[in-house]
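Colleague: what follows is a protein structure lacking sequence information:
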């Protein structure tokens, strides 16, 4: 059994604008999935925030049964059965379920990228290079559903993974000699080809499906404040988010046109909804300007693995 309580706090990566370079960095693909922690000995799976996912991903837990007793850090990835790639939104269909849904068009794999413990030995104080060797040893000959991510010290090679490997949305850099440390003290960094963040849905605007958009909020000064109005929703996003929204029962509300990214425009009228759904958005700036986004964000998908309380105060 591990020498520390589970689930353990996980290392987090700090967003950067360029890919780190040099022999002291190990680079690996950043997969489009849900962060997880897996204890092979008890076949238990947790989310990044400590939610027990063992029943929802019982197939993953069962696949780990043949491995040595270890605590692994990785990413749950939904791999489509037709070979076309991965689909982040398929993971949400597991929420509240006891394992795979009969007839599902995907299987769940774990892209494993670190090891925290082996048996009763704590591996977190050891440098990443040692942990990586142990990870490869643990997974050698293991189940196809649990595989180690590739790594390199060559930025050119790493950049070729982005777009070439299905489900890779960016890169993670790890100091090769550093121990495993919880939070952003880890020294890990993440680079994405586009800047993405999360926001809470506060309302819906638009009179027709073609113009329907979301009023987006972020926590600021202890409360949820509107930070922008999205671009019109793609059909797939509209279909995914619609059944999750619940109206407040209150009257229509208004936002200044500037909050909608339209300086000088008329106020934006919207139907308020309960602020309980988190979506991933693509933005053209990391920081807010005057408490809002300069241009209208693009909604990429629903983040079913997050709740509003997981969002931190947005830099302004």
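Modeller: That came through fine. Everything numeric in this text was worked out from a predicted model, so none of it was measured. Numbering: from 1, shown residues only.

Colleague: tally of neighbours for residue 17?
Modeller: Other residues near residue 17 come to 9 when the count uses other CB atoms under 10 Å. Every residue, glycine included, has its C-beta placed from N, CA and C.

Colleague: not including adjacent chain positions, what is the nearest residue to it?
Modeller: residue 191 (7.4 Å; CB to CB, 6 or more residues apart in numbering).

Colleague: so which bits of the helix or strand harbouring that neighbour are buried?
Modeller: If you go by DSSP states H and E, residue 191 is part of strand 189-192. By neighbour count, with 16 or more other CB atoms under 10 Å as the criterion, the buried positions of strand 189-192 are 189, 191.

Colleague: could you identify the helix or strand that succeeds it?
Modeller: By DSSP H and E, the next helix or strand past strand 189-192 is strand 196-205.

Colleague: chain center to whichever helix or strand comes after that next one, what's the gap?
Modeller: As assigned by DSSP H and E, the chain's next helix or strand after strand 196-205 is strand 213-220. Taking CA atoms, centre = their mean, to the nearest Å, one finds strand 213-220 lying 18 Å from the centre of the chain it belongs to.

Colleague: which strands border the next helix or strand after strand 213-220, and is each parallel or antiparallel?
Modeller: Using DSSP H and E, the helix or strand that follows strand 213-220 in sequence is strand 223-229. Partners of strand 223-229 in the sheet, by DSSP bridges, are strand 213-220 (antiparallel).

Colleague: can you list contacts of the strand it pairs with?
Modeller: 199-206, 224-233, 241, 255, 268, 270, 272, 275, 279, 281, 288, 291, 296-297, 299, 308, 311-314, 316 (CB atoms under 8 Å, 6 or more residues apart in numbering).

Colleague: elements contacting the longest helix belonging to the chain?
Modeller: For the chain, the longest helix by residue count, based on DSSP state H, is helix 128-139. Other helices and strands packing on helix 128-139, by 3 or more CB pairs under 8 Å, 6 or more residues apart in numbering; DSSP states H and E, are strand 25-31, strand 70-80, strand 106-118, strand 146-148.
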